[in-house]
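1. Structure, please.
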Amino acid sequence: MNLAGKNVLVIGTGKSGVAASGLLVSQGADVILFDGNKELDKEAIQSKTDKKVQIVLGALTKEQEENVELLVLSPGVPIDIPMVESFQKKNIPIWGEIELAYQFAKGRIAAITGTNGKTTTTSLAGEIMKAYYESVFVVGNIGNPYTDVALETREDTVVVAEISSFQLETIDQFHPAVSAILNITPDHLNRHHTMECYIDTKFNITKNQTEKEYCVLNYEDEVLRQRAESLGVNVIYFSSQRILEKGIYLDENQDIIWKEDSLIKVCNVHDLKLLGTHNYENVMAAVAIAVKIGVPMDVIRKAVCDFVAVEHRIEFVAEKNGVAFYNDSKGTNPDAAIKGIQAMVRPTLLIGGGYDKGGDFTEWIEAFDGKVKLLVLIGQTREKIAETAKKCGFDKIVFAESLEEAVNVCWQNAESGDAILLSPACASWGMFPNYEVRGEMFKELAKGI
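-> Predicted structure coming up:
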């Protein structure tokens, strides 16, 4: 698309919006970077962007609004706010940062979504690709804007992209060669409103794929299995629970097996540096993606066995007086936090709570399964979680006003052989800018004991 001279409005002044603005200016567009929060530091935003980008905070003028020819949304901007809906009614094209990047990028894309496991799977798939291909970029929700690297891609490039449901709301022609949906459990219902809408949004990742291309799905996820029959794409299943006729699975010997024309052992789970069944599923998904992008199995096998766990995802931090500290700050919803508890092999003092995304905590509490000695709650959701826990018969609960207090409470109640786990089952917003900052603080507090 020729954007020279086009008036483009980018909403959202974070990393994604800044990167999108840079790409647009390089293509000759006239760009307004907008944020409704008039209290932001305009000079600080301008220092991160091209000087040709006009920064507008608070409100647009009528003239600015009427001149918009393309709207680019950052992932954090809902599509159902009045401002965006007004542009929809005028039939102004609305893209996300991912779609904008796609319009100018070259090469093949492996795109990964799902409620949980996206970052680990994307990171691992990226490492596998880098072990074989010369030009590889790992982008998207993992923290690297696609628009930052779109113009650096070549025809032989492989782009590995972690794609969130927010990013999938605003794709148009985005077209992966291989897609993956790892699982679907309730999340972001405050944004998507209904589970059906959330599921439909996740399946947008396949909407431009053809019957010659591939989508990797979790056989053990009933929603994915039901929808698979109606997809116009080749489906490859992975399973941690059963032997498949075709696909990739975990067998009774804890071997990961790839089965297509023949049966190939990828590795045994004891060869991996990752803990937990959920991580074995992430490995299987990454292997399937890599096979279909053309990486030989011997290259895949070595990369998988060398891979170390992603930061903030059941990350071992330190051991003090026989007490192990684990940082699972990326457990931002109940289902992800369940995986954190399931990976623990010690009596656990658990720190939970944070921003309320509208989820239910019952299954998370039920997953404690005798492992959790003490639940220390922080943030907006602490009363809601405590009420749920008591209904489930769990009452070993303490409220804390801060993460620092929560860590101290856990430490005072821990004994040698225990684990202290930060796995909040909630987003970090309200107390921290993101889960990374929350996780880093936890690690500092643990190491400082």
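
2. Which stretches in the stretch 201-350 of the chain count as strands?
-> Secondary structure of the stretch 201-350 of the chain, counting by DSSP state E, counting those that start in this stretch: strands at 214-218, 234-239, 247-250, 255-259, 263-268, 315-320, 323-327, 348-352.

3. Leaving out sequence neighbours, find the closest residue to residue 184.
-> Spatially, and ignoring its direct neighbours in sequence, residue 184 is nearest to residue 223 (4.8 Å; CB to CB, 6 or more residues apart in numbering). C-beta: built from backbone N, CA, C; applies to glycine.

4. Could you look up the SS state of residue 71?
-> For residue 71, the reduced secondary structure class is strand; criterion used: DSSP: H, G, I helix; E, B strand; the rest coil.

5. I figured it was touching residue 91, is that so?
-> No - look at residue 71 against residue 91 with CB atoms under 8 Å: they stay out of range, at 11.1 Å.

6. So between those two, which is more surrounded?
-> Taking other CB atoms under 10 Å, residue 71 and residue 91 do not tie; residue 71 has more neighbours (22 against 7).

7. Bridged to that one, which residues?
-> Beta-bridge partners recorded for residue 71 (DSSP bridges): residue 9, residue 94.

8. show me what contacts it?
-> With contacts taken as CB atoms under 8 Å, 6 or more residues apart in numbering, residue 71 has the following neighbours: 8-9, 11, 84, 87, 92-95.

9. Show the buried residues in the residues you listed.
-> Among the contacts of residue 71, those classed as buried by neighbour count (16 or more other CB atoms under 10 Å) are 8-9, 11, 84, 87, 94-95.

10. Please identify which of the residues you listed is nearest to residue 78.
-> Using CB to CB, residue 84 comes nearest to residue 78 of the buried ones among the contacts of residue 71, at 7.3 Å.

11. ok but the closest one is inside a helix, no?
-> Yes - applying three-state DSSP, one finds residue 84 inside a helix.

12. can you give me the helices in the stretch 151-300 of the chain?
-> Taking DSSP state H, counting those that start in this stretch as the test, the helices found in the stretch 151-300 of the chain are 165-168, 189-192, 195-203, 222-228, 277-293, 297-306.

13. Relative to its centre, which residue of this protein is most distant?
-> Counting by CA atoms, centre = their mean, the extreme residue of the chain relative to its mean C-alpha position is residue 63, 37.5 Å from that point.

14. What are the phi and psi values at that residue?
-> Recorded main-chain torsions at residue 63 are phi -70, psi -40, according to degrees, to the nearest 10.

15. Against residue 211, how distant is it?
-> Counting by CB to CB, to the nearest Å, the gap from residue 63 to residue 211 is 48 Å.

16. what's the answer for residue 37, then?
-> As for residue 37, its distance to residue 211 is 45 Å (criterion: CB to CB).

17. Kindly report the same for residue 181.
-> Separation of residue 181 from residue 211 (CB to CB) stands at 17 Å.

18. what does residue 444 give?
-> Using CB to CB, one gets 51 Å for the distance from residue 444 to residue 211.

19. And for residue 221?
-> From residue 221 across to residue 211, the span is 22 Å (CB to CB).

20. and what of residue 111?
-> If you measure residue 111 against residue 211 using CB to CB, the figure is 17 Å.

21. between those two, who's got more neighbours?
-> Between residue 111 and residue 211, counting by other CB under 10 Å, residue 111 is the more crowded of the two (30 against 8).

22. returning to what we had before: okay, the strands of the stretch 201-350 of the chain in CSV with distance to residue 409 and mean pLDDT next?
-> Putting the strands of the stretch 201-350 of the chain into CSV (distance: least, CB to CB, whole Å; pLDDT from 0 to 100) gives the following:
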stretch, distance to residue 409, mean pLDDT
strand 214-218, 37, 97
strand 234-239, 40, 97
strand 247-250, 38, 98
strand 255-259, 40, 97
strand 263-268, 39, 96
strand 315-320, 15, 89
strand 323-327, 13, 94
strand 348-352, 8, 98
